[in-house]
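Undergrad: Following is a predicted model, sequence given first.
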Amino acid sequence: MVFTFNLGFPRMGANRKLKRLVENFWSGKVDENTLITDAKKLREEHWLLQKNAGLDHIPSNDFSFYDQVVDHSYAFGVIPARYKNLNPGLETYFAMCRGLQKPGIDVAACKMKKWFNTNYHYIVPEFEPNQQFTLNSTKVIDEYKEAKALGIQTHPVILGPVSYLMLGKPTKDAPQGFKPIQLLDRLLSLYEELLSKLVSAGVTWIQIDEPCLVLDLPSTIKNEYVSAYNALTKVSPQLKILIATYFERIGTNLDFITDTPINAIHIDLIRAPDQLESILRRLPAKVSLSLGLVNGRNIWKTNLEVALAKAQKAIDVLGSECVFIAPSCSLLHSPHSIQSEKKIDNEILNWLSFAVEKIKKIVIISKALNNSVQSVQTELEANRKSIQSHRESARTQNPTVQQKMKALGPDMFRRKFPFHERQLSQRKKLSLPLFPTTTVGSLPQTKDIRTIRAKFKKGEINQTQYDNFIKREIEKCVHFQEEIGIDVLVHGEFERNDMVEFFGENLQGYVFSGNGWVQSYGSRCTKPPIIFGDISRPNPMTVEIIKYAQSLTDKPMKGMLTGPITMLQWSFVRDDQPRKDTAFQLALAIREEVHDLEAAGISVIQIDEPAICEGLPLRKEDWNVYLNWAVDAFLLSSTGVDCSTQIHTHMCYSDFNDIIEAIRCLDADVITIENSRSDLKLLNAFEEHEYTAEIGPGLYDIHSPRVPTKEELKVRLHAIFKYIPKNLIWANPDCGLKTREWPEVEAALKNMTDVAKEFRAIEANC
Ligand code: MET
Ligand SMILES: [Zn+2]
């Protein structure tokens with residue numbers, strides 16, 4: 001008998017039920033009681049759904065009002081001192097998640113960080129050197145009992161102690177050299193206490209997530225792992241422990257972790273399919289292997305034949321009693337179900353499976369293995385047909401695109417002239433002053449704009465009415481920018497709901513789901529567009545609007561595009577070709593747009609790549625392969641223009657030190673970057689590596705409504721002089737301004753242009 005094992009179910013529920021529930025609680029529309037009872041109902045629904053699907057090992061404690069990591073911190077009493085005066089319970093919990101302002105109280109939220117290479121954000125735990133741990137909540141036990149009362153035996157899911165400490169950071173005033181992992185011993189005794197309580201409640205299996213096991217680990221951490229699991233496996237002979245790894249290969253970390261007497265290990269065979277054979281050779285007897293065969297992060301149907309063959313391979317070596325069938329990672333990263341999907345046509349819908357459907361696939365695999373292939377013949381046949389329909393569909397193929405891909409030559413990956421020649425010719429053409437001022441692209445998306453767009457989408461106003469409205473917004477913002485003396489203008493991106501969605505809607509090869517929501521952070525979900533086929537650009541996407549904006553001013557107007565890697569990274573991507581090929585197709589489409597913009601007389605074109613670092617593999621040895629094709633994709637999109645056409649790129653929240661060489665290879669003429677929140681640390685990289693192109697380090701943080709004073713802008717610009725030669729510096733905010741209000745934006749940009757002018761005058765007098 002193989003068993004089926006689920007690592008986690010998406011907690012939002014159908015139609016983002018949880019989002020509405022939590023937001024209604026925050027806004028006072030529902031009380032705490034309703035919140036608690038409705039959440040309980042939602043958990044029940046999800047457990048029953050999994051039970052009825054025939055799943056053997058169903059997770060509990062995968063539910064959270066906000067994030068499983070903050071739940072864990074709260075449960076172990078890791079609550080930073082600034083929340084200590086709040087009411088215990090939900091007030092404290094939500095304050096850690098989102099801050100709290102009420103009479104006499106003003107506390108900020110804890111920091112958020114991306115969960116490995118996903119778009120999920122977790123709340124970063126903060127540890128002090130004398131951190132005390134307490135069992136501060138019984139959530140794990142309660143939810144286990146809740147399911148048990150329904151007659152469902154679940155396995156609680158908790159974050160493992162080593163990953164938990166590694167994912168946290170020291171509190172601000174912790175002494176230098178303190179590392180949270182030093183707290184392991186103290187933390188372990190609390191884990192032991194929790195595990196024995198769970199055993200008393202009836203738990204037989206527990207899933208302990210140790211995602212850090214897929215990272216490159218120093219030997220000290222390896223030792224910590226060994227002592228942690230030697231201790232936790234001693235808690236009770238009745239308790240079986242499964243360690244879950246995902247998102248990458250476990251590599252040689254398998255050996256020390258399976259040296260401890262754990263009962264099972266889960267591996268991701270989607271992100272790291274090649275690891276199976278070597279693991280089968282090395283896995284000690286009696287350790288069960290959970291096979292992550294169904295993609296927990298993408299939306300395509302699993303090819304059951306392929307999955308079955310892999311499972312069989314494992315069974316042949318380990319015996320069926322030591323094999324589990326599972327999703328590659330928690331289904332938290334999948335949308336709920338395709339059942340209510342109305343926006344996608346039937347042909348494509350037939351290629352997809354979301355969480356509910358993925359569970360069913362897992363069960364079919366196990367039935368085929370346990371009973372017989374015949375017992376699920378109908379299901380297998382249906383799967384084979386949809387896989388075949390997907391593979392053979394003419395809709396995924398575009399011969400013209402494939403022709404273009406074959407015709408790619410080395411010249412399409414390099415600028416025709418070296419930077420210094422381009423710089424001279426661009427300066428001549430653009431005649432920009434010292435410290436040219438610009439913005440990153442978007443300007444406030446006001447309520448008006450969103451209302452009008454919604455009306456347009458509903459058909460309440462027609463295309464001309466909508467276009468005219470957008471044109472008036474552009475006109476207003478162009479005049480404003482001229483008035484305050486911005487040097488390179490933007491059109492404000494008012495026509496775009498989102499920087500990826502807008503282009504996706506204008507490209508062929510994309511579809512949009514109505515309900516494919518995935519949790520991003522707290523109650524926030526994103527609905528990534530789906531790349532299902534070859535990407536092409538049937539028509540110019542931005543040329544008319546940028547031309548219009550340019551017609552309103554004599555100053556240069558920036559063309560504004562989203563780069564291929566960001567398009568790739570923020571979409572569900574096809575899995576029938578390498579990511580690199582999809583990136584190149586996107587790049588070709590953007591390249592065509594760049595050429596059309598240039599032909600329409602646009603001399604400055606910005607290609608945003610905020611997500612380039614997000615795509616970095618988790619293991620450093622894989623970085624170069626990724627960076628090579630990511631840089632190539634950007635080059636493909638941006639080269640081929642004239643010497644005098646200035647290419648900008650923009651990145652936010654990146655740690656440039658590690659990838660500065662790749663940034664240099666992008667060969668952009670100007671890069672605008674986030675800088676103000678990182679205390680200029682970021683600029684070290686550019687200084688140390690003698691980066692020679694032009695740079696616009698963000699002069700102020702756009703995430704806060706605060707208007708930066710001239711004084712602080714001066715201090716900041718002045719500090720930048722230490723790192724970058726004056727004639728290479730641009731003045732701009734950190735990122736786009738779409739989330740801000742006009743009064744703040746007006747005041748902030750006015751201060752920024754005034755400061756640039758003052759500094760110019762000083763330089764002129766020198
Ligand atoms: C996340 S980067 C955003 C860049 C885009 N051009 C904007 O200004 O909104
Ligand atoms: Zn940005």
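TA: Right, received. Where do you want to start? Ligands and ions are numbered 1, 2, ... in the order given.

Undergrad: Residue 617 - how many residues pack around it?
TA: Residues contacting residue 617 under the criterion other CB atoms under 10 Å number 16. Every residue, glycine included, has its C-beta placed from N, CA and C.

Undergrad: go on, the one 10 residues further on?
TA: Residue 627 sits with 21 neighbouring residues when counted by other CB under 10 Å.

Undergrad: can I assume it is in contact with residue 663?
TA: No. With contact defined as CB atoms under 8 Å, residue 627 does not reach residue 663; the gap is 9.7 Å.

Undergrad: In the sheet, which residues pair with the closest residue to ligand 2 within the stretch 101-250 of the chain? Tell me.
TA: Proximity of the stretch 101-250 of the chain to ligand 2 (CB to the ion) peaks at residue 114, 14.8 Å away. On the basis of DSSP bridges, residue 114 is bridged to residue 121.

Undergrad: what's the pLDDT at it?
TA: In this model, residue 114 is scored at 92, pLDDT.

Undergrad: Tell me the spacing between it and ligand 1.
TA: According to CB to the nearest ligand atom, to the nearest Å, residue 114 and ligand 1 sit 14 Å apart.

Undergrad: Pretty sure that residue sits against residue 614.
TA: Yes. Contact criterion CB under 8 Å: residue 114 and residue 614 qualify, at 6.9 Å.

Undergrad: what's the burial count for residue 132?
TA: Counted by other CB under 10 Å, the residues lying close to residue 132 total 11.

Undergrad: part of a helix, is residue 659?
TA: Yes. Remark: residue 659 belongs to a helix, assigned using DSSP: H, G, I helix; E, B strand; the rest coil.

Undergrad: mind listing what it touches?
TA: Neighbouring residues of residue 659 by CB atoms under 8 Å, 6 or more residues apart in numbering: 612-613, 616, 623, 627.

Undergrad: pretty sure residue 368 is touching residue 305, no?
TA: No. Using CB under 8 Å, residue 368 makes no contact with residue 305, being 9.6 Å away.

Undergrad: who's more crowded, these two?
TA: Shown here are residue 368 and residue 305; by other CB under 10 Å, residue 368 has more neighbours (24 against 14).

Undergrad: For that one, which non-adjacent residue is spatially closest?
TA: Distance criterion CB to CB, 6 or more residues apart in numbering; nearest residue to residue 368, sequence neighbours excluded, is residue 376 at 5.1 Å.

Undergrad: Can you give me the domain assignment for this structure?
TA: Domain ranges of the chain: 3-393, 420-765, per automatic domain parsing.

Undergrad: can I assume residue 669 is in contact with residue 694?
TA: Yes. Counting by CB under 8 Å, residue 694 is a contact partner of residue 669 at 6.2 Å.

Undergrad: Skipping adjacent residues, who's closest to the residue sitting nearest the centre point of the chain in space?
TA: Among the residues of the chain, the one closest to the centroid is residue 119, at 2.0 Å (CA atoms, centre = their mean). Sequence neighbours aside, residue 520 is the residue nearest to residue 119 in space, at 5.6 Å (criterion: CB to CB, 6+ apart).

Undergrad: now swap in residue 329 and tell me
TA: Nearest to residue 329 is residue 246, by CB to CB, 6+ apart, at 3.6 Å.

Undergrad: coming back round to it: surely the residue nearest to residue 119 is within a strand?
TA: Yes. Counting by three-state DSSP, residue 520 is found in a strand.

Undergrad: Run through the residues that contact it.
TA: 119-121, 526.

Undergrad: per-residue pLDDT, it?
TA: pLDDT, residue 520: 95.

Undergrad: One more: residue 677?
TA: Residue 677 carries a pLDDT value of 69.

Undergrad: Could you pull out the buried residues of the helix or strand of the chain with the lowest mean pLDDT?
TA: Ranked by mean pLDDT, DSSP states H and E, the weakest helix or strand in the chain is helix 681-688, scoring a mean of 81. Residues 682-683, 685-686 are the ones in helix 681-688 that count as buried (16 or more other CB atoms under 10 Å).

Undergrad: These also near ligand 2: which ones?
TA: The subset of the buried residues of helix 681-688 within reach of ligand 2, by CB under 5 Å from the ion, is empty.

Undergrad: Closest residue of the stretch 151-300 of the chain to ligand 1?
TA: Nearest residue of the stretch 151-300 of the chain to ligand 1 (CB to the nearest ligand atom) works out as residue 297 at 21.5 Å.

Undergrad: With the stretch 501-650 of the chain instead?
TA: Residue of the stretch 501-650 of the chain nearest ligand 1, by CB to the nearest ligand atom: residue 610 (3.9 Å).

Undergrad: State the helix or strand in which the closest residue to residue 350 other than its chain neighbours lies.
TA: With CB to CB, 6+ apart as the criterion, residue 350 has its nearest non-adjacent residue at 4.8 Å, and that residue is residue 386. If you go by DSSP states H and E, residue 386 is part of helix 377-392.

Undergrad: residues contacting residue 156?
TA: Counting by CB under 8 Å, 6+ apart, residue 156 has contacts 59-61, 140-141, 143-144, 198, 203, 206-207.

Undergrad: I'd like the distance between the residue nearest to residue 350 and ligand 2.
TA: Residue 386 sits at a distance of 39 Å from ligand 2 (criterion: CB to the ion, to the nearest Å).
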